[in-house]
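[1] sequence plus the predicted model coming up.
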Amino acid sequence: MAHPRHQSFHPPHKPNAVIIGGGIGGLTCAIALKLAGWQVSVLEQAATLEPVGSGIGLAPNSQRALDVLGLGDRVRALAAWEGDGGMRAQNGRWLVRTSAAATAAKFGGALVLLHRATLVNLLVGALPTHALRTGVRAELVDPGAEDRKAVVRTDDGDIEADLVVGADGINSAVRSVLFPSHPQPTYAGFTAWRLVVPAPERPFEPHETWGQGGVWGTHPLKDGRIYAYATATVPEGGHGPDGEKAELACRFSHWHDPIPEIIAAARPADILRNDVRHMSTPLSRYHRGRVALIGDAAHAMAPTLAQGGNQAIEDAVVLAHHVAPGGDLAAGLAGYSAARVPRTTAIVRQAARAARMNHLTSAPLISVRNALITAAGRLGPNLILRSFASIAGWRPPQQPYAAGTGIAQR
């Protein structure tokens, strides 16, 4: 049966929001907008939601955003809480120790880690049954204006929307429609590997190791596995000629324990590799017409502060705060940009500075860097944590929704 070219999924009396992209940011945004009173639809191009096999760390800032949605406690119950650990040199020497208690006291909460699939499943379960549509190619063809709705084109016809959210990632087609002349994300100078494997036989403390031209991190998940990641300064677009496991072994098997054991335990299918790109030229705003950008579509950043997903979650909650149904949408979107552009731009730049620091290749500079880190640690944990305080100490602009009024039941 033919579909009308301008179909509507929702009753005309209730404003509708269409979210393009079903990742962590898009799903969180759908929940936040639903709680704020919008009728929501999430359009995801993939046929099924199969999150990449890696972990995600949630700092207190994003946990507070999830608390607004009534999901914070459920996330913390499913996650592993980051214990005492610290930063190590390539040979295994501890450069600085970190205390979980000191971190929680400084930031008002603990750092937690869980598998991305666990988080995505939780978010999907908090949406109405028919809000998520997978296998849908969606294209923004008109960002709309005060006197007309935005238009999203799908294979089944065009959808008119009171609000569209571009949550379609670093290669965002929505961003290209809104800001066609803006520079695309650029290569950050290094690539990243991620893997989830069984925990080593011998106990270990969570750590991030800064070596020569690269980084390795090892952190436990609640289910007994570990999430590990590695980065290295390599030319863009390269891949190990003998496979990624061989590439990891070549670069990291001479680093300290338990890194060689983790690499040995990984199956080739467990290892994901992605070149790291970031928005080196920031957008001046995250909206145009009736459309807003969130997450990597707005402010892709290097993973060196582990804030990419955290900032997408923040975006979702702040956007919902500013765009009340029936309110002045133009003013609300302007308020969203005003709230998010300065903060996320600063974090993108801070992540880039951290990447330059932890990917040094000069042995003398590495020695100086390590000595400075050790000296700072001896002056007290607060000095080490201070650089992260402005990020992790963020609080959402609204209070949590009252129990029983928020999360949709399937």
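    Arrived safely.

[2] when you work out contacts or count neighbours from here on, use the C-alpha atoms and nothing else.
    Fine.

[3] burial count for the residue nearest to residue 284 when sequence neighbours are not counted?
    Residue nearest to residue 284 in three dimensions, not counting chain neighbours: residue 341, with 6.9 Å by C-alpha to C-alpha, 6 or more residues apart in numbering. Residue 341: 18 surrounding residues under other C-alpha atoms under 10 Å.

[4] give me the pLDDT for residue 341.
    Here the pLDDT value assigned to residue 341 is 98.

[5] so it: helix, strand or coil?
    Secondary structure, DSSP: H, G, I helix; E, B strand; the rest coil: residue 341 is helix.

[6] quick one: contacts for it?
    Shown in contact with residue 341 (C-alpha atoms under 8 Å, 6 or more residues apart in numbering): 283-286.

[7] need the longest strand for the protein.
    strand 186-198 (DSSP state E).

[8] other SSEs contacting that strand?
    If you count contacts as 3 or more C-alpha pairs under 8 Å, 6 or more residues apart in numbering; DSSP states H and E, strand 186-198 packs onto strand 225-232, helix 259-265, strand 272-278.

[9] just the buried positions in stretch 63-80, please.
    By neighbour count on 16 or more other C-alpha atoms under 10 Å, the buried set for stretch 63-80 is 63-72, 75-76, 78-80.

[10] keep only those of those residues that are in strands.
    Counted as lying in strands by DSSP E, out of these, are residue 80.

[11] now, among the buried residues of stretch 63-80, which is nearest to residue 184?
    residue 65 (28.4 Å; C-alpha to C-alpha).

[12] next, the contact list for the closest one, please.
    Counted by C-alpha under 8 Å, 6+ apart, residue 65 has contacts 72, 313-314, 317, 395-396.

[13] buried deepest among the helices and strands packed on strand 186-198, which one?
    Mean neighbour count, computed with mean count of other C-alpha atoms under 10 Å, is highest for strand 225-232 among the helices and strands packed on strand 186-198, reaching a mean of 22.

[14] quick check: what element follows it along the chain?
    helix 244-252 (DSSP states H and E).

[15] just to revisit the earlier point, and which of the contacts of residue 65 is nearest residue 252?
    Closest to residue 252 out of these is residue 313 (32.6 Å), distances taken as C-alpha to C-alpha.

[16] wait, the closest one sits on residue 29?
    Yes - between residue 313 and residue 29 there is a contact under C-alpha atoms under 8 Å: 7.5 Å.

[17] between these two, which has more neighbouring residues?
    A direct count of neighbours by other C-alpha under 10 Å for residue 313 and residue 29 places residue 29 higher, at 30 against 27.

[18] that one belongs to a helix?
    Yes - assessed by three-state DSSP, residue 29 belongs to a helix.

[19] count the neighbours of residue 244 for me.
    So residue 244, with other C-alpha under 10 Å, has 19 neighbours.

[20] contacting residues around it?
    Residue 244 neighbours (C-alpha under 8 Å, 6+ apart): 268, 271, 273.

[21] could you do residue 214 as well?
    By C-alpha under 8 Å, 6+ apart, the neighbours of residue 214 are 230-233, 358-360.

[22] CSV for the residues you listed, including pLDDT and distance to residue 333?
    Below are the contacts of residue 214 laid out as CSV (pLDDT from 0 to 100; distance: C-alpha to C-alpha, whole Å):
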residue, pLDDT, distance to residue 333
230, 98, 37
231, 98, 36
232, 97, 38
233, 96, 38
358, 94, 36
359, 96, 37
360, 96, 40
